Structure formats: structure tokens, C-alpha cells
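Chemist: here is the input, now give the coordinates:
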Amino acid sequence: MAAVALVIFGAPAAYAFAVLHGPGNGILTIAKGTLPLALFGAAGYGRRLGWLNAPARILQAAAPLVFGAALTAWGLHAIWLTAGIGVASLIALLALRRTT
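Modeler: The predicted structure is shown next:
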């Protein structure tokens with residue numbers, strides 16, 4: 001969505017993205033630490049937080065290697081891999097929203 005807004009609205013969209021992304025990311029950081037504490041309590045908090053964050057950290061660590069291999073194998077067509085993962089993530093998020 002950010003790329004589409006950048007193409008349609010130009011540089012002002014980049015400024016809006018930067019201004020809105022910062023506070024949103026800050027709130028997300030606070031929620032990631034406090035929500036598990038509020039839901040599950042203090043007992044085993046560190047271990048539980050580790051288990052909750054481990055999949056994201058592993059995938060973030062592997063992403064540059066995987067994308068580098070995709071670029072080597074497919075060239076610029078590897079961007080479709082990124083687009084496909086983004087669309088799959090959006091579909092998963094929408095499906096999650098409907099079930100809760």
C-alpha cells in the first residue's frame with residue numbers, strides 16, 4: 001500500500017508514511033512486551049515472550065539469505081516472491097480477523 005501511495009501522491013506520501021510509521025511501531029513495541037504479561041501473568045514471562053517472538057526473529061534472520069538466493073536464481077523476478085508473501089500475509093491477517 002505504501003508503494004502505491006508513493007506512486008500516486010509522490011513525496012508527500014513518503015513524509016506521511018514516516019510520520020505515521022514511527023508512532024505505530026512504538027505502540028507495537030510496547031504492546032509486544034505488555035500484552036503477554038497482561039494475558040498470562042508474570043510467571044514464566046521471559047520464556048513465554050521468547051517462544052512468542054522466536055518465529056519472527058528466525059524468519060527475520062533468514063529473510064536476507066532467502067531473498068539473496070531468490071535474486072541470484074530469478075533476477076528481478078524475485079520481486080514476485082516478495083509480493084506473493086505480502087499477499088499471503090494479508091490473506092492470513094484478514095482470515096484471522098474474521099475468526100476473532
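Chemist: now the helix or strand containing residue 24, how far from the chain's geometric center?
Modeler: Here residue 24, judged by DSSP states H and E, is contained in helix 11-40. Centre-to-centre, helix 11-40 and its host chain are 11 Å apart (CA atoms, centre = their mean, to the nearest Å).
Chemist: for residue 36, see how far away residue 43 is.
Modeler: Separation of residue 43 from residue 36 (CB to CB, to the nearest Å): 12 Å. For glycine as for every other residue, the C-beta is placed from the backbone atoms N, C-alpha and C.
Chemist: and what of residue 5?
Modeler: From residue 5 over to residue 36 the distance is 33 Å, taken as CB to CB.
Chemist: which strands and helices sit next to the helix or strand bottoming out on mean pLDDT in the chain?
Modeler: Lowest on mean pLDDT, DSSP states H and E among the helices and strands of the chain sits helix 2-9, with a mean of 75. Helix 2-9 sits against helix 11-40, with contacts defined as 3 or more CB pairs under 8 Å, 6 or more residues apart in numbering; DSSP states H and E.
Chemist: before we move on, back to that, which one's more surrounded, residue 5 and residue 36?
Modeler: residue 36 (17 against 14; other CB atoms under 10 Å).
Chemist: tell me the contacts of that one?
Modeler: 45, 48, 49, 52 (CB atoms under 8 Å, 6 or more residues apart in numbering).
Chemist: isn't the third one right up against residue 33?
Modeler: Yes: assessed by CB atoms under 8 Å, residue 49 is found in contact with residue 33 at 7.4 Å.
Chemist: the two: which has the busier surroundings?
Modeler: Neighbour totals were compared for residue 49 and residue 33, and residue 49 leads with 15 against 11 (other CB under 10 Å).
Chemist: so which strand or helix has that one?
Modeler: Counting by DSSP H and E, the element that carries residue 49 is helix 45-74.
Chemist: which residues touch the next helix or strand after that helix?
Modeler: For helix 45-74, the following helix or strand on the C-terminal side (DSSP H and E) is helix 79-99. Contacts with helix 79-99, where a contact means CB under 8 Å, 6+ apart, come from 67, 70, 74.
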